[in-house]
Every structure is written in C-alpha cells, then in structure tokens.
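> build me a structure from this.
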Amino acid sequence: MQIPKGKKIYFASDNHLGAPTKEESFPREKKFVAWLDEIKTDAAAIFLLGDLFDFWFEYSTVVPKGFVRTLGKLAEIRDSGIPIYFFVGNHDLWMNGYFEKELNIPVYHKPMEFTFNNKTFFIAHGDGLGPYDKGFKRMKKVFTNPVFKFLFKWLHPDIGMRIAQYMSVKNKLISGEHDAKFLGEDNEWLILYSKSKLEEQHRDFFIYGHRHLPMEIDLGQDSKYFNLGDWIQYFTYGVFDGEHFEMKTYK
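Numbers count the residues shown, from 1 in each chain. Modelled structure (predicted):
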C-alpha cells in the first residue's frame, strides 16, 4: 500500500472500555471518539491493536450492551472509505464475525505483516508472544477452546458478562497484564520476541499493544520496536507518515 501524500496511518491499543465500570470508563470513551473524529481528516488507515473492550463476547444474537459511540464512529469512518484493521487482544478475543459483518472491519487473531511505502510492519496485540508467560498461555488455550466457548455461550448474558467482568478486573493471570514498568530489554518479552523474528527476516517496525507502557526501542539493523501504551493512563498512539513512525499523546 502506498500512502497518499498528506495522509497518515494511525495506531492505537488498550482502551479497556467498560473497566473498571462502564460509568468510569465513559469519559475515556468520549476522549477516544474525539480522537477518531480528529484523525479521520487525514487517515489513510487505522489500526486498533486489541483490548478495545475490557470484555467482549458475541452470542448468536446478542453483543455486549454499550459502547455505541465508539461503534458508531468506527462505522462512520469505515463507511467513508477509510480502512480499519482490528487485532483481538486477550480481553476481546471472543470476536466472531460482528465487526466484519456490521462494520466491514477485518479482525485478526494472529500477528500480521503489512507493507506501507516499502516499509515492513509486523503488527500484533502482543499477548502470549515470546518465550515466557506460560501461565497466561495455558489460560488462553482454555479460553479459546471450542468446548469452553460453547459452554460459556449457554450462560445467560447477564450472568456471563458479570462473571467475565469480575475475572477481567481481579485476576492478573487471566488478564495477562503486568505492572506497567519497563523491565529492561533483556526481560521485556515482546522485545525478545521481536529480536528473534528479526533474525528470521528484516522488518522495519514491530508494533504492539498489551504492555500498557509507551515504548520505542532500537533493535538494530534499522529496525524499531514500538509499544502503543494505552488509553487509560497515557492516551498514546502511533503515527506513520509514509517514512517515519512517531509516538504521540492525545490531550
């Protein structure tokens, strides 16, 4: 994809709408929608790298209540012709066609690679990647198991949502989150993972969410790692202008 002159590609992650309650996350949702409204004027594409919702589950005929401002703005932007790409996170991994059918937004469950203006991007939410985090990896296998999803689907939505919200907020193992402190390059799993991928093939940029900590790390070989931070504490996002990738803060 060649980015038209004057256009940019935007990246954001980890809004966790609905946490710790819908009422408390509402101001953050309004801020995110204002950002979407602002960037639509020069966006060539928008990438959302997961955990947009603190919990999301699609029943056959029911989706979680709320977030209409976000969904409506995404629909408006997509209908205007601007591509939007969504990568599921560990909090909203139970997507099953709603975004594709209702919003015409492709949803990715695994890392993907894109090329913009001859720059290669390796993009993922980031959960479960790298050599460690074995406890979360085991838990994720349970959550993505078809039998588990089938059984959960038969819970009344009010009961299922209440259980899931409690687990999401209270249980760090299930959420897969860590304290948002830089652990050093030798201990940051996504940096280690990116370096291992770089040994296989050159990529110009590795872009992730999940860590809730804005980061820019030079990996060598003209390659950089970026973590997008979050829309809870930092309100950070990434911008690619066709040549340079930059982290910014929305105020």
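> residue 224 touches residue 205, doesn't it?
Yes - shown here, residue 224 and residue 205 form a contact pair, counting by C-beta atoms under 8 Å, at 5.7 Å. All C-beta atoms are positioned from the backbone trio N, CA, C, and that covers glycine.
> common neighbours of these two, please.
residue 245 (C-beta atoms under 8 Å, 6 or more residues apart in numbering).
> residue 213 is in contact with residue 182, isn't it?
Yes - taking C-beta under 8 Å as the definition, residue 213 is a contact partner of residue 182 at 6.4 Å.
> next, count neighbours for residue 17.
Residues contacting residue 17 under the criterion other C-beta atoms under 10 Å number 25.
> so who does it touch?
Per C-beta under 8 Å, 6+ apart, neighbours of residue 17: 25, 28-29, 32, 52-54, 66-67, 70.
> repeat that with 7 Å
Residue 17 sits next to 25, 29, 52-54, 67, 70 when contact means C-beta atoms under 7 Å, 6 or more residues apart in numbering.
> again with residue 114
Contacts of residue 114 by C-beta under 7 Å, 6+ apart are 121, 123.
> in the stretch 1-150 of the chain, which spans are strands?
Counting by DSSP state E, counting those that start in this stretch, the stretch 1-150 of the chain has strands at residues 8-12, 43-48, 84-87, 107-108, 112-116, 119-123.
> right, I mislabeled it, should have said the stretch 151-251 of the chain
Ranges of strands within the stretch 151-251 of the chain are 205-208, 214-220, 223-228, 236-240, 245-249, based on DSSP E, counting those that start in this stretch.
> average pLDDT for the first one?
On average, the pLDDT along strand 205-208 is 98.
> can you name every helix or strand that it contacts?
strand 119-123, strand 223-228 (3 or more C-beta pairs under 7 Å, 6 or more residues apart in numbering; DSSP states H and E).
> quick one on the thing from earlier: closest to residue 81 out of the strands of the stretch 151-251 of the chain?
Closest approach to residue 81 among the strands of the stretch 151-251 of the chain is made by strand 236-240 (18.9 Å; C-beta to C-beta).
> contacts for that closest one?
Outside strand 236-240, the residues that touch it by C-beta under 7 Å, 6+ apart are 8-12, 116, 207, 214, 226, 228-229, 245-250.
> do stretch 83-97 as well
Contacts of stretch 83-97 (C-beta under 7 Å, 6+ apart): 16, 45-58, 74, 77-78, 99, 105-109, 123-125, 127, 140, 143-144, 149, 168, 175-176, 209-210.
> stretch 217-230 too?
Applying C-beta under 7 Å, 6+ apart, the contact partners of stretch 217-230 are 11-14, 49, 185, 190-191, 194-195, 198, 202-209, 211-216, 236-238, 245, 247.
> cutoff 8 Å now
Counting by C-beta under 8 Å, 6+ apart, 11-16, 49, 126, 180, 185, 188, 190-191, 194-195, 198, 202-216, 235-238, 245, 247 sit against stretch 217-230.
> ok, residue 8 to residue 248 distance?
Distance, residue 8 to residue 248, using C-beta to C-beta, to the nearest Å: 11 Å.
> residue 51 too?
Taken as C-beta to C-beta, the span from residue 51 to residue 248 is 19 Å.
> what about the protein, any weak spots by pLDDT?
By pLDDT under 70, the weakly predicted segments of the chain are 133-143, 148, 164, 166-179.
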